[in-house]
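Enquirer: got a structure for you, letters missing:
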């Protein structure tokens, strides 16, 4: 047997015991190309900005990590969470918030609702802090939907399926 591209991806002394078996499995050409590209990609290369920022919906954001200065040139972030941990994060129960085909007739986008694609309302938190909540999303309004760890907190498979289905509705075509 030849070493193959998979054997060069991990150093033999760091490979888990199951790796020898898994490395012999057949992968389709798209998977192989993806792994080979990762092998030759420069490490810690700076991310390059596209001509326009990617509209990103961060579901389960908590403290809005994608709003850091190092990502400002890449993403226009709308961060939502059931219990926001930061004032910039909008309160939203992603499993129940309406996703409408069009938000026509609603308020125009401004600084309070950050961008087209969602309707936002304000409310006072228990401590008197002004907070904002998502009233509705517009289908096809985002380039990227991030759900980091949020799916693992949902107890039932049908809830996880519904969360992914809703995320796909938010994406621009092709999604």
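Expert: Nice, I can see it. Worth saying up front: this structure is predicted, and the values here are computed from it rather than measured.
Enquirer: which other helices and strands does the helix or strand containing residue 169 contact?
Expert: Taking DSSP states H and E as the definition, residue 169 sits inside helix 157-170. Applying 3 or more CB pairs under 8 Å, 6 or more residues apart in numbering; DSSP states H and E, we find helix 157-170 packed against strand 54-59, strand 99-100, strand 144-146. Quick note: C-beta positions are derived from backbone N, CA and C, even for glycine.
Enquirer: any idea which helix or strand comes after the second one?
Expert: I take that to be strand 99-100. Criterion used, DSSP H and E; the element after strand 99-100 is strand 118-124.
Enquirer: likewise for the first one?
Expert: In the C-terminal direction, the helix or strand that comes right after strand 54-59 (DSSP H and E) is strand 75-81.
Enquirer: contacting residues around the helix or strand following that following strand?
Expert: Note on strand 75-81: by DSSP H and E, the next helix or strand toward the C-terminus is strand 90-91. Outside of strand 90-91, the residues within contact range by CB atoms under 8 Å, 6 or more residues apart in numbering are 78-84, 118, 120, 123, 131-134.
Enquirer: thinking again about what came up before, what's the closest of the helices and strands packed on helix 157-170 to residue 163?
Expert: strand 54-59 (7.6 Å; CB to CB).
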